[in-house]
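Asker: sequence and predicted structure, then a few things I'm wondering about:
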Amino acid sequence: MGIHEISIQQFLSLDDARCEERIVAAKAALGKHLVILGHHYQRDEVFKHADYTGDSLKLSRQAAQSGAKYIIFCGVHFMAEVADILSNSEQIAILPDLAAGCSMADMANLEKVEQAWGELSAVLPPDEHITPITYINSAADLKAFCGRHGGIVCTSTNAQHVLEWAFSQREKVLFFPDQHLGRNTAYRMGIPLEQMVLWDFDKPNGGLTPEQIKAAKMILWDGFCSVHQQFMPEHIDHFRANYPDGKVVSHPECPFEVCQKSDEVGSTEYIIKTVNASPPGTRWLVGTEVNLVNRLAQESKDKFVDYMAPIVCKCSTMYRINPQHLLWTLENLVDGKVVNQIKVAPQVAAEARLALERMFEVSP
């Protein structure tokens, strides 16, 4: 076994075809000790090598149950953190490129959230009146914050069940980092927009008056996904004008007006199942990341699947995972060297796991 890390520079100039051959060989050499996770938004040349594919939380749970020593997560940083939190102490989570982050997750950090919690305490005792909810698309220390303060984690699939639980605990919710998932879910539950306020983390007290905070049921963090933010109601109007019988399905990270105009709203897994279950000949306009939409279009041979926006905006951080970085991590493992391990500190992991376990308990 080698003791020196193989430099990434040796891999960056390799073409994808050569990478593919060596990835297959490295996977075979590592055998049952390895599991590769591929998020739906990954590019095809990486996605094809995944042992499990799907949404981030589902993948982390599958990896933890797999028994594999090495978990390579082809996704972004917070996903690899969740894999580390849910896996056992013998398993090692790896992110092929440490620059694969999430711009939405970065919009809420622990310092800003703790500052907001402190400012809210000047209006009312937050630990008595507010349940913090963080979307799975967030850093581990924010999940730990929710664990400490009686809060919980949610996904785009279980957000309604989580909100129902949260309101059974306290009368208000602080929802971060994605405002759109919070607003769209709460509105579908019958909470009027007038009872939702937007917390601008760059302004004192979130830019809100004490009266606005006291009147609100949902305090929404001013964060968003840049990919889903690009979709607009006009895109749907244009599609319906051309295809009156067409259907529209959107991810709940899309803006409120887009979700209101859509026939269906749901997670990436829900989008895939909905399109696949539709009758042959159905035409769909899909509002989510383009790699998933293109893959769905290729696989749905008896349906028509269109991407919602006229200009493609890829998830730039997710797109950083390429065959070259995947091969680099694999061949280092074959050589006995772990690179780019993602390790959550024990105390943070314990508190984050508490918030995740609450979510598991209330989810169907």
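Answerer: Cool, got the structure.
Asker: so for the chain, the centremost residue is which one?
Answerer: N137 (4.2 Å; C-alpha atoms, centre = their mean).
Asker: for W284, phi and psi?
Answerer: phi -120, psi 140 (degrees, to the nearest 10).
Asker: tell me the contacts of it?
Answerer: Residues in contact with W284, defined by C-beta atoms under 8 Å, 6 or more residues apart in numbering, are 246-249, 275, 278, 303-306. Glycine gets a C-beta too; all of them are placed from N, C-alpha and C.
Asker: let's see 7 Å
Answerer: Contacts were defined as C-beta atoms under 7 Å, 6 or more residues apart in numbering; by that measure W284 touches 246-247, 249, 275, 303-306.
Asker: dump those to a markdown table, plus distance to A26.
Answerer: Shown next, in a markdown table, are those (distance: C-beta to C-beta, whole Å):
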| residue | distance to A26 |
| --- | --- |
| G246 | 44 |
| K247 | 42 |
| V249 | 37 |
| V275 | 34 |
| K303 | 36 |
| F304 | 38 |
| V305 | 34 |
| D306 | 37 |
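Asker: re the thing from before, so how far is R240 from the residue nearest to the centre of the chain?
Answerer: Between N137 and R240 the computed distance is 30 Å (C-beta to C-beta, to the nearest Å).
Asker: helices and strands around the longest helix belonging to the chain, which ones?
Answerer: Looking across the chain with DSSP state H, the single longest helix is helix 346-362. Helix 346-362 sits against helix 77-86, helix 140-148, strand 152-154, helix 159-169, with contacts defined as 3 or more C-beta pairs under 7 Å, 6 or more residues apart in numbering; DSSP states H and E.
Asker: which neighbouring elements make contact with the last one?
Answerer: Packed against helix 159-169, as judged by 3+ C-beta pairs under 7 Å, 6+ apart, are the following elements: strand 130-135, strand 152-154, strand 172-176, helix 179-188, helix 346-362.
Asker: output that helix as PDB, restricted to C-alpha atoms.
Answerer: What follows is helix 159-169, C-alpha atoms only, in PDB (Å, rounded to 0.1, in the frame of the first residue of the first chain):
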ATOM      1  CA  ALA A 159     -41.900  19.200   5.000                       C
ATOM      2  CA  GLN A 160     -45.600  19.200   5.700                       C
ATOM      3  CA  HIS A 161     -45.400  16.400   8.300                       C
ATOM      4  CA  VAL A 162     -42.500  18.200  10.000                       C
ATOM      5  CA  LEU A 163     -44.400  21.600  10.000                       C
ATOM      6  CA  GLU A 164     -47.400  19.900  11.600                       C
ATOM      7  CA  TRP A 165     -45.200  18.500  14.300                       C
ATOM      8  CA  ALA A 166     -43.500  21.800  14.900                       C
ATOM      9  CA  PHE A 167     -46.800  23.600  15.300                       C
ATOM     10  CA  SER A 168     -47.900  21.000  17.800                       C
ATOM     11  CA  GLN A 169     -44.800  22.000  19.900                       C
END
